[in-house]
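[1] here is my input; please provide its structure:
(one chain, ligands or ions: 1)
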Amino acid sequence: MTAPAQRPTPPADAARSMEALVSLCKRRGFVFPASEIYGGINGFWDYGPLGTALKNHVRDHWWHQTVECPPLDPDSGEPLSVLGLDSAIIQNPKVWEASGHVGGFSDPMVDCRETNGRYRQDQVEVLFVEGRGAWAFPENKPDAIAKKLRKAGVTIDDGEVKNLSQVDESLYGTIVAPDTDKAGTLTPPREFNLMLDTYPGVIRNEENKAYLRPETAQGIFLNYLNVLNTMRVKVPFGIAQIGKSFRNEVTPRNFIFRSREFEQMEMEWFCSEEEAPKWYDFWKHERMRWWESLGIDQANLRFRDHGSDELAHYSSACVDVEYRYPFTAPGFGELEGVAHRGNFDLTAHTRASNAKLDYFDQELQLRLKAEGVGKDEIKERSRYTPHVIEPASGLTRAVLVLLCEAFTPSPERSGSDYVMKFKPKFAPVKAGVFPLVNKDGMPEVAHKLYMELRQRFACEYDAKQTIGKRYARMDEIGTPFCIAVDGDTLENNVVTIRDRDTTQQERVGIDRVAAFLAEKGC
Ligand SMILES: Nc1ncnc2c1ncn2[C@@H]1O[C@H](COP(=O)(O)OP(=O)(O)OP(=O)(O)O)[C@@H](O)[C@H]1O
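    Numbering: from 1, shown residues only. So this is what the prediction gives:
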């Protein structure tokens, strides 16, 4: 008996809040649908000025904490070695054959013969009501689900909900497909490859077919030897990179959660087989600590260990860091995977390319010698293909999480419906500088302050509209501080700084403003 499936119906207010968030992101310049003036293109998004700033702040924080200032070795207390990389998006297609992506990077899909709708099998939930029938759900459309069930005269509590991937195909004939009222229109599942292809060069034929990378990780394996030979590192060490990846997702959805072009932040940690379990545990907890450092509420984060049936054949452990997205609530969805990949990738590339991607561990050799181990055994054990621990996360998914965390309805405030409560470090704009009124010498003083502050902080100068409207706009784009130059500034050199979250105001000497912003973590 399988565990009861989670209810497919997200709370209606969560769906509505997602709608409001998407609309705010567009209205305020965070994220726009790609090619919007041509009707858009499914699964692609453009990051506007504020979304780009937010994304860059997250990217820089990851890079700083992973490459420039990585965690300390738990045993020696010395910094770990992690080196940065920026590999090509398009590589020799043999790479993706060796890695298993050409043959096996696919999702099982079912089609509806009636509507031609195509669904990922594991993203369809089915309600079985004994003696009445079975209804498949269009995911995350609570209103449509409610309507469909009402029409059928059943409620979600009348039966049992199962994921379609756990339903025997012989029962497909009884299921009403997600977008029809007819039973039995779903086809059996078929594998659908997620690789997007392209044809570099002048001739467009199978021989010249190449792929847009579906993950940044393989670029790291391809450069393992280059880094080892040039950077004076020894195992254990890591190689990290941030960059675009592409997947022909069948059902891109939930805003930027699942898109066809997205950005990843991945690190491959090369270590000995013996130490791999220790490093797996280490990186698992380090990664959670990192997510918490973004200011995400701990209650919205959790680990989910993969069951043995989910693990790739070469992997001995994998855990997801999950976040409670509005569209998964009360459940969670993936944000990052930390995988123990064994030495599958390096071994596969060794086999396919004939390059020697192994490692001679001099320290291990000396240790074994001191332990009195025999010559042949030393030789065999001190040359090996490193094992790998891989923390792999989505940069664009991280942006979505920060947007969801920050998004706070503010019915008590006039002028803005929402406040985006970003941690100051990640806020796209750190401070708004306003003259209280656009006269009496205030604009000149405010503009001078703005010109100084912008050397260190992303600031905006705004002298238009009422002060209330200026505050409201800053609240909606998540600017943590607004600095008003008023009569008191002209007389006493003090400005009024308003805190976005509390709306409390504080008087601060004009020459202390930069220090104030720095102290607040801007
Ligand atoms: N289509 C996508 N759009 C946005 N981010 C993605 C997408 N696919 C993967 N990611 C991000 O890259 C990370 C690492 O990729 P990985 O291959 O482990 O994902 P995955 O397990 O296939 O994700 P999912 O189960 O959500 O499809 C994911 O945790 C996620 O944050």
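
[2] from the ligand, how far out is the closest residue to G133 other than its chain neighbours?
    Spatial nearest neighbour of G133, chain neighbours left out: T174 (6.0 Å); criterion: C-beta to C-beta, 6 or more residues apart in numbering. In short, each C-beta sits where N, CA and C put it, glycine included. Separation of T174 from the ligand (C-beta to the nearest ligand atom, to the nearest Å) stands at 28 Å.

[3] what is the neighbour count of T174?
    15 (other C-beta atoms under 10 Å).

[4] okay, P386: pLDDT?
    Here, the pLDDT recorded for P386 equals 97.

[5] residues in contact with it?
    Applying C-beta atoms under 8 Å, 6 or more residues apart in numbering, one finds that P386 lies in contact with V235, P236, F270, C271, S272, N343, L346, D358, Y359.

[6] if I look at it, how far off is R500?
    Counting by C-beta to C-beta, to the nearest Å, the separation of P386 from R500 is 47 Å.

[7] ok, S416 next?
    From S416 to R500 the distance is 10 Å (C-beta to C-beta).

[8] could you do W269 as well?
    38 Å.

[9] then G295?
    Distance from G295 to R500, by C-beta to C-beta: 14 Å.

[10] out of these two, which sits in the more crowded spot?
    Higher neighbour count among G295 and R500: R500, with 21 against 16, using other C-beta under 10 Å.

[11] who in this structure is up against the ligand?
    215, 247, 249, 258-259, 262, 264, 334-337, 392-394, 396-397 (C-beta under 6 Å from any ligand atom).

[12] what comes up buried for stretch 161-178?
    V161, K162, N163, L164, V167, Y172, I175, V176, A177, P178 (16 or more other C-beta atoms under 10 Å).

[13] can you check stretch 378-397 too?
    Quick answer for stretch 378-397 (16+ other C-beta under 10 Å): 378, 381-382, 384-397.

[14] of the residues you listed, which belong to helices?
    Among the buried residues of stretch 378-397, the members found in helices (DSSP state H) are I378, R381, S382, L395, T396, R397.

[15] which two of the contacts of P386 have the greatest separation?
    P236 and D358 (14.9 Å; C-beta to C-beta).

[16] tell me how many other residues crowd L228.
    19.

[17] assumed it was part of a strand.
    No: under DSSP: H, G, I helix; E, B strand; the rest coil, L228 sits outside any strand and is assigned helix.

[18] any idea how far P236 is from it?
    To P236, L228 is 12 Å away according to C-beta to C-beta.

[19] same check, this time on D440
    64 Å.

[20] now do G153
    In terms of C-beta to C-beta, G153 sits 61 Å off from P236.

[21] neighbour-wise, which of these two wins?
    Taking other C-beta under 10 Å, G153 and P236 do not tie; P236 has more neighbours (19 against 9).

[22] spit out the contact partners of that one.
    Applying C-beta under 8 Å, 6+ apart, the residues near P236 are L80, S81, W269, F270, C271, S272, E275, W279, P386.

[23] kindly report the same for D475.
    Counted by C-beta under 8 Å, 6+ apart, D475 has contacts S410, R413, S416, Y418, V419, M420, R500.

[24] what's the answer for Y359, then?
    L228, V235, F270, R383, Y384, T385, P386.

[25] the fifth one and C271 touch, don't they?
    Translated: Y384. No: with contact defined as C-beta atoms under 8 Å, Y384 does not count as touching C271 (10.4 Å).

[26] ok, now how distant is the residue of the chain found nearest the ligand from E334?
    Closest residue of the chain to the ligand, C-beta to the nearest ligand atom: G394 (2.5 Å). Per C-beta to C-beta, G394 is found 8 Å from E334.

[27] again, but for E114
    31 Å.

[28] higher neighbour count, the two?
    E334 (17 against 14).

[29] next one: phi and psi at that one?
    Main-chain dihedrals, E334, degrees, to the nearest 10: phi -70, psi 140.

[30] my guess is it contacts E322, does it?
    Yes: taking C-beta under 8 Å as the definition, E334 is a contact partner of E322 at 5.8 Å.

[31] any idea which helix or strand comes after the lengthiest helix in the chain?
    Counting residues, the longest helix found in the chain (DSSP H) is helix 276-293. Using DSSP states H and E, the helix or strand that follows helix 276-293 in sequence is strand 301-305.

[32] give the rounded mean pLDDT of that next one.
    pLDDT averaged over strand 301-305 gives 97.

[33] try stretch 67-77
    97.

[34] so what touches it?
    Contacts for stretch 67-77 (C-beta under 8 Å, 6+ apart): Q65, E78, P79, L80, S81, V82, L83, G84, G238, A240, F282, E286.

[35] neighbours of the residue lying closest to the last one once chain neighbours are set aside, how many?
    Spatial nearest neighbour of E286, excluding adjacent residues (C-beta to C-beta, 6+ apart): P71 at 5.4 Å. Other residues near P71 number 16, with proximity taken as other C-beta under 10 Å.

[36] A406 now?
    Per other C-beta under 10 Å, the neighbour tally for A406 reads 19.

[37] any idea what M267 is bridged to?
    A240 (DSSP bridges).

[38] what does the pLDDT read for it?
    Looking at M267, the pLDDT reads 98.

[39] who touches it in this structure?
    T66, V82, I220, G238, I239, A240, Q241, E390, P391, A392.

[40] the residue lying closest to V388 once chain neighbours are set aside: helix or strand, and which one exactly?
    Sequence neighbours aside, R341 is the residue nearest to V388 in space, at 4.6 Å (criterion: C-beta to C-beta, 6+ apart). Assessed by DSSP H and E, R341 sits inside strand 333-342.

[41] also Y211?
    strand 210-212.

[42] so for that strand, mean pLDDT?
    97.

[43] and that strand, how far out from the chain's middle?
    Strand 210-212 sits 22 Å away from the centroid of its parent chain (C-alpha atoms, centre = their mean, to the nearest Å).
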